[in-house]
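> The following block contains a protein sequence and its predicted model.
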Amino acid sequence: MSKAALFSALLLVISATTTAKENELNDGFAAFSHLYEERLGQVRACMNRSVTRFDVCSPALRNDGNAPYILHHGNKTAKVAVLLHGLSDSPFYMTGIARSLYDKGFNVIVPLNVGHGQLEADDEMSDSQLDERWAAHLNDVMALAPQFGDDIFLGGFSTGGALSVQHYLHHPDNIKGLMLFSGALALDSGVERLSKIWGISLVARMIDGTYVTQGPNPYKYPTIASFSGLELMDVINDIREQYEDGKTIDIPVFAAHSQADTTTPIVGIETLMAHTTTKTNTFFVIDESFKTCHADVVVNSKMVVDMHFDDSNVDLRDNCAAPQANPLFRQMIMMLGSFVDEVAEKG
């Protein structure tokens, strides 16, 4: 075979390999989009889509910033992260974490949880099977993850963290590590006591009334309805039952939490760490002196600017009323990077 023929054959092999990789991602993109077409009824391309970001917008969403998205390198990567946002907020809140993992070579999938980011959320956020629908959606997303990367890291913020732990305890296979940010593994003691009252969910739905979706933050609902908080408590109780049944966390865990968090007390993460069996864990504790609020752990300075938060009708005497950047965000990201490197090194 001549050198020219050999070179042409090599180009064909490279082209075929590249096409196969692109098709592999395209199938994943189509399946990801279909998840939201089924739920929202109509989807469209977002206005500011880039070559490294695939997102799924819809007229049913408050704005494009609430859309689920995938940060990708154009091909399947060695590592893929699935990052789930918290209760009442949206994929926007995972922006800083997602970008940092993308820069580490990950493809990053950021889903939109059931009932979130929408103009109208009454039906979903008052559904008696809401916690089950949350879990089912995460199952669907995790089924897509192998198309985007070999080693799967799962995690999220607040409720997203709780759902990640719950998913692992029920489906532990093929997850390389957990990443939790303000993980909602315990709630305020008053909320926990309230959740034990028989029939409280029905009462909560009646009290909540129409679910308000518009407020000063374009990427977060203005309040957390009592009923959805009780659904989160069901997730937490399920996790505790798994502990009681003897289940443990047998993969590395990264957890970042503020000691000043009164929404989801740090004791929930401390309990989780007590049920881990590996030594490749990182517990990034933000000292109480920083007064870092629950929702601010995942927020960096750029995100605060991009939120365009309207504080004109907000009581700023409340330290947590308006979003602020985590003062240790950069250090947290450095520790997260070291964590994923160590997990990769140990195989």
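The structure has been received and is ready for your questions.
> so what's C46 up against?
55-57, 64, 67, 69 (Cβ atoms under 8 Å, 6 or more residues apart in numbering). C-beta coordinates here come from the backbone N, C-alpha and C atoms, glycine included.
> now the spatially closest residue to A186 that is not a sequence neighbour, what's its secondary structure?
Leaving aside its sequence neighbours, A186 sits nearest to G268 (Cβ to Cβ, 6 or more residues apart in numbering; 3.1 Å). Counting by DSSP: H, G, I helix; E, B strand; the rest coil, the backbone at G268 sits in helix.
> so G268 sits right up against G183, yeah?
Yes - G268 lies in contact with G183 (Cβ atoms under 8 Å); the separation is 6.6 Å.
> Helices - which of the contacts of C46 land there?
Secondary structure from DSSP state H places none of the contacts of C46 in helices.
> Next, check these against the strands and list the overlap.
Among these, the members found in strands (DSSP state E) are 55, 69.
> give the contact list for Q242.
166, 169-170.
> Now rank those residues by neighbours and give me the top one.
Q166 (21 neighbours; other Cβ atoms under 10 Å).
> Give me the residue at the spatial middle of the protein.
Ranked by distance to the mean C-alpha position of the chain (Cα atoms, centre = their mean), the top residue is L84 at 1.5 Å.
> and that residue, what does it touch?
Neighbouring residues of L84 by Cβ under 8 Å, 6+ apart: 94, 110-111, 113, 138, 155-157, 159-161, 163-164.
> Do you know the pLDDT at G347?
If you check G347, the pLDDT there is 77.
> Look up how far C46 lies from it.
37 Å (Cβ to Cβ, to the nearest Å).
> what do you get for A186?
36 Å.
> and what of P222?
To C46, P222 is 24 Å away according to Cβ to Cβ.
> low-confidence ranges in the chain?
Of all residues in the chain, those with pLDDT under 70 make up the ranges 1-23.
> still on that earlier bit, which one of G268 and G183 has more residues nearby?
Taking other Cβ under 10 Å, G268 and G183 do not tie; G183 has more neighbours (31 against 25).
> Relative to P222, how far out is the nearest residue to that one once chain neighbours are set aside?
Sequence neighbours aside, G161 is the residue nearest to G183 in space, at 3.2 Å (criterion: Cβ to Cβ, 6+ apart). Look at G161 and P222: by Cβ to Cβ, they are 22 Å apart.
> backbone phi and psi for V110, please?
Phi and psi for V110, reported as degrees, to the nearest 10, are phi -120, psi 100.
> For it, give me its contacts.
So V110 contacts 68-71, 82-85, 91, 94, 98 (Cβ under 8 Å, 6+ apart).
> ranges for the strands of the stretch 51-200 of the chain?
Secondary structure of the stretch 51-200 of the chain (DSSP state E, counting those that start in this stretch): strands located at 53-55, 69-71, 77-84, 107-110, 149-157, 177-181.
> out of these, deepest packed?
Highest mean neighbour count among the strands of the stretch 51-200 of the chain (mean count of other Cβ atoms under 10 Å): strand 107-110, with a mean of 28.
> List the strands paired with that one, with their directions.
Strand 107-110 has the following sheet partners, assigned by DSSP bridges: strand 69-71 (antiparallel), strand 77-84 (parallel).
> Isn't R205 up against M125?
No - with contact defined as Cβ under 8 Å, R205 does not count as touching M125 (9.4 Å).
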